[in-house]
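Asker: Sequence and predicted model, in that order:
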Amino acid sequence: MKKGLLVLCLSGLPLLLLYHTSSAQAPLKRAKSTNYAILKVALVGNHFFSKPKIQDQTSFARPSWWQFPASFFALFSKPRLNAKLVATDEFAIDSLYHTHGFWDAKSEISWEMKGKNKVEVLITLIEGERTFLSELTVSGGFSEFEAKVSAAVSRLRLNQPFDKTKLDLVIFELKKVYANRGFPYAEVQTKIEQTEDKKSAKVNLEIEAGEKVHFGQTEIGGLEITKEEVVRREFAFQERDMYSREKLIETKQRIYATGLFSFVNLDAKDPQHKPVTPDFQLRVVERKPRFIRVGFLAGQKQQQDLTADFSGEFGNRNLFGSGRRFSLSATTSIVLLSRFQYLSSRFTLNYFQPWLLGLRVPLDLEAYYEPGAKSVIQPYRIEQFGGNINLRQQLRKQTRLWLSGSYQQVNIYGISESEEEVFRRDKGINIRRKMGFSLENDTRSNLFVPLGGSHTNLQAEFFGGIFGGDHNFVKVVLSWSRYFPAAGGTQLETWAFRLKLGRAFEYKLKDFVPSFDRFYLGGASSIRGYVENSLGPKDSAGKVVGGKIIGLTSLEYRKALFGKLGWSMFLDWGNAWLETENVTWRSLRLSGGLGLQYFSPLGPIRLDYGRKLLRGSEGLKGGRLHLSILYAF
């Protein structure tokens, strides 16, 4: 027995020595999924990208200074390595290289224990050769789609680093071109020829269009209250129409935009069989038609202490399943401190009709009533009531037309008829009745941060005349903005240009345009470097009274800085004048400056510094800072 045990121990000794030797030569990486404090990060093999750039791709990257407050708290702690995320970090580093033409780049993250739960991290890189795109050809398909195909492949530029991820985007865009023109089963075959030295590559994209497809029938499910016709009238396609991916997307957007549903899904039946007349299934989840809202807002109003606004609204967003909306709301303002006091109330009745006379022309009606109030310091009562009407027509995908009108009536109680005219003038009470229209064409790539396209708006308002009211005048404003991507720019790098012209004029003798409806310039969204609304005609006391003519042009260069920051430089030029004879070259005001933007989820928050460049009546005394949200145009 003892002899057998001795033989077993002697025979196992080489295995034990082998295990000890392999353990001593094992890689630094640990298999356990543990969270470690990082003492040091070292890089080996990186030549193209810097250490901070590579480390920024990882989960243990230190927050940059602009990522406050995370950057502040990071000063008091060490970065941590999560072993579960190492594979993801390696993939992120590899992707950074792959998108810059390094197809064979490979990274490996390892670490060595330095005490309990402390490690030193090593990132080993093999960058490989950088590949450039030397030739790009497209074959197959139809010649009538050539212009759209050329636009799709323009993402890939010759003699530039070959980013394979962009190739995937180009293939997707090519399929979309054909899917929007009746060929949803189009395929794109890719052939890549890389030279032996891997420094360049040729790409051929061969398009196989497949069969032409038309829409079949569409089944609707999930309706309990809403009538089926209310949903079907929002369809952008009909049975037997040529298939279009864009029309499917537009249909879902239209149905969801009705506000009647919390979920909308539109899919083809049996798409794997590739039918030439596919049927579709539309599934919706309805929102509850009746709703109640309450609100409370505290603040401070002029000549008052702390005030509070109480509001309530109830209504039905789907009357009788027709998609029509009705609501009644009330708002009451009171003084909370010093002495409890009732200030005002407003009652509003709203009615919305999504389709008018069988046309997709939304109608919005509003009627309001303000009974007014008396107080110790205000022995009179001002009663107001009126209404607004709005019609909207979508002429094309980017073009919209609005027609609007408003009626107002003001009654004053507690003042004699002989004093009422003077009282109205002193209090600036003007009965405004108007009709207007607005035509807009918007091709901007993004509403918050436009990189291309344009935005045009023509607006005209007619006050008084046959509508009555205290004043009779016309106000016309034309604004146009154009955005030009900088040549070769890979991020946000855009030139933006704006032109705005306006004119207000009376069409009755001895009438005038009220100061409330005149034009004012100066400030964060017009001519920077000047106080808000400080430019324009002034009265004898030096107070700005507004102009009846406006002219404004701006040129701005916008570029990404780093992280979520960007910067810009700008020129603003223009002024506001009372009459045509006042418009002179010497009266124009010019300002220029620099801006810094932080790109938040709500849009860019910007800080601009503008400086006066043309001498005005106030001289060239320094500049002015402006803090605001969204770009000036």
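Answerer: Received, thanks. Residues are numbered from 1 along each chain as shown.
Asker: shaky segments in the stretch 51-200 of the chain?
Answerer: Per-residue confidence for the stretch 51-200 of the chain (pLDDT under 70) gives these ranges: 66-68.
Asker: Next: the chain.
Answerer: For the chain (pLDDT under 70), the answer is 1-33, 66-68, 300-305, 337-338, 375-378, 487-490, 615-621.
Asker: Domain-wise, how is it divided?
Answerer: Here the domain assignment for the chain is 30-126, 132-208, 218-286, 291-429, 430-633, based on automatic domain parsing.
Asker: Take those domains and lay them out in JSON lines including mean neighbour count.
Answerer: Where you see a C-beta, it was placed from the backbone N, CA and C, and this is true even at glycine. JSON lines is the format used below for those (neighbours: other CB atoms under 10 Å):
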{"stretch": "domain 30-126", "mean neighbour count": "15"}
{"stretch": "domain 132-208", "mean neighbour count": "16"}
{"stretch": "domain 218-286", "mean neighbour count": "15"}
{"stretch": "domain 291-429", "mean neighbour count": "14"}
{"stretch": "domain 430-633", "mean neighbour count": "17"}
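Asker: secondary structure element for the nearest residue to Val153 once chain neighbours are set aside?
Answerer: When the adjacent residues along the chain are set aside, Val153 lies closest to Val170, with 5.4 Å between them (CB to CB, 6 or more residues apart in numbering). Val170 is part of helix 164-179, with elements assigned from DSSP states H and E.
Asker: Can you list the strands that the helix or strand following that helix pairs with?
Answerer: On the C-terminal side of helix 164-179, the nearest following helix or strand under DSSP H and E is strand 187-194. Taking DSSP bridges as the criterion, strand 187-194 pairs within the sheet with strand 200-208 (antiparallel).
Asker: Mind jotting down where the strands sit in the stretch 301-450 of the chain?
Answerer: For the stretch 301-450 of the chain, applying DSSP state E, counting those that start in this stretch gives strands covering 306-319, 324-335, 341-353, 363-370, 381-394, 399-413, 434-442.
Asker: okay if I get the ones you listed as TSV plus distance to Pro63?
Answerer: Compiled in TSV, these are given as follows (distance: least, CB to CB, whole Å):
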stretch	distance to Pro63
strand 306-319	39
strand 324-335	44
strand 341-353	46
strand 363-370	46
strand 381-394	44
strand 399-413	42
strand 434-442	37
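Asker: And the ones you listed: which comes nearest His471?
Answerer: Taking CB to CB as the criterion, strand 434-442 is the member of the strands of the stretch 301-450 of the chain that comes nearest to His471, at 9.8 Å.
Asker: Please identify the pairing partners of the helix or strand just after the closest one and their relative orientation?
Answerer: As assigned by DSSP H and E, the chain's next helix or strand after strand 434-442 is strand 453-463. Strands flanking strand 453-463 in the sheet, each with its direction: strand 434-442 (antiparallel), strand 473-485 (antiparallel) (DSSP bridges).
Asker: thought Leu328 was touching Asn316?
Answerer: No: the pair Leu328 / Asn316 is not scored as a contact, 10.2 Å apart, by CB atoms under 8 Å.
Asker: quick revisit: TSV for the strands paired with strand 453-463, including distance to Ser71?
Answerer: Below are these laid out as TSV (distance: least, CB to CB, whole Å):
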stretch	distance to Ser71
strand 434-442	38
strand 473-485	31
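Asker: Ok, which of these comes nearest Phe48?
Answerer: The closest approach between Phe48 and any of these, judged by CB to CB, belongs to strand 473-485 at 25.8 Å.
Asker: how long is stretch 234-248 end to end?
Answerer: For stretch 234-248, the first and last residues are 11 Å from each other (CA to CA, to the nearest Å).
Asker: what do you get for stretch 201-220?
Answerer: With CA to CA as the measure, what separates the two termini of stretch 201-220 is 49 Å.
Asker: again with stretch 506-525
Answerer: Taking CA to CA as the measure, stretch 506-525 stretches 27 Å from start to finish.
Asker: contacts for that stretch?
Answerer: With CB atoms under 8 Å, 6 or more residues apart in numbering as the contact definition, stretch 506-525 has outside contacts at 428, 430, 463-465, 471-475, 502, 504-505, 527, 530-536, 544-550, 552, 574-576, 589, 608, 626-628, 632-633.
Asker: can you do 6 Å?
Answerer: 430, 471-473, 502, 504, 527, 530-536, 545-548, 550, 576, 626, 628, 632 (CB atoms under 6 Å, 6 or more residues apart in numbering).
Asker: how far out from the middle of the chain is that stretch?
Answerer: In this view, stretch 506-525 has its centroid 32 Å away from the chain centroid, taken as CA atoms, centre = their mean, to the nearest Å.
Asker: Next: stretch 388-408.
Answerer: With CA atoms, centre = their mean as the basis, stretch 388-408 stands 22 Å off its chain's centre.
Asker: got it, and stretch 623-633?
Answerer: Using CA atoms, centre = their mean, we find the averaged C-alpha position of stretch 623-633 to lie 18 Å away from the chain's own average C-alpha position.
Asker: what's the answer for stretch 429-446, then?
Answerer: The answer for stretch 429-446 is 21 Å, by CA atoms, centre = their mean.
Asker: Quick check: end-to-end length of it?
Answerer: Terminal residues of stretch 429-446 lie 40 Å apart, using CA to CA.
Asker: Starting from Ala257, give me the distance back to the nearest residue to Ala105 once chain neighbours are set aside.
Answerer: If you skip the residues right next to it in sequence, Ala105 has Tyr97 as its closest partner in space, 3.3 Å away by CB to CB, 6+ apart. In this structure, Tyr97 and Ala257 are separated by 43 Å, where distance is defined by CB to CB, to the nearest Å.
Asker: what does Gly436 give?
Answerer: Computed as CB to CB, the Gly436 to Ala257 distance reads 24 Å.
Asker: Please apply the same query to Ile629.
Answerer: Counting by CB to CB, the gap from Ile629 to Ala257 is 25 Å.
Asker: and what of Asp270?
Answerer: Distance of Asp270 to Ala257, computed by CB to CB: 29 Å.
Asker: can you check Phe448 too?
Answerer: Counting by CB to CB, the gap from Phe448 to Ala257 is 20 Å.
Asker: what does Asp511 give?
Answerer: According to CB to CB, Asp511 and Ala257 sit 42 Å apart.
Asker: Could I get the contacting residues of the residue nearest the centre of the chain?
Answerer: When CA atoms, centre = their mean is applied to the chain, the residue found nearest the centroid is Phe448 (4.1 Å). With contacts defined as CB under 6 Å, 6+ apart, Phe448 is in contact with Gly603.
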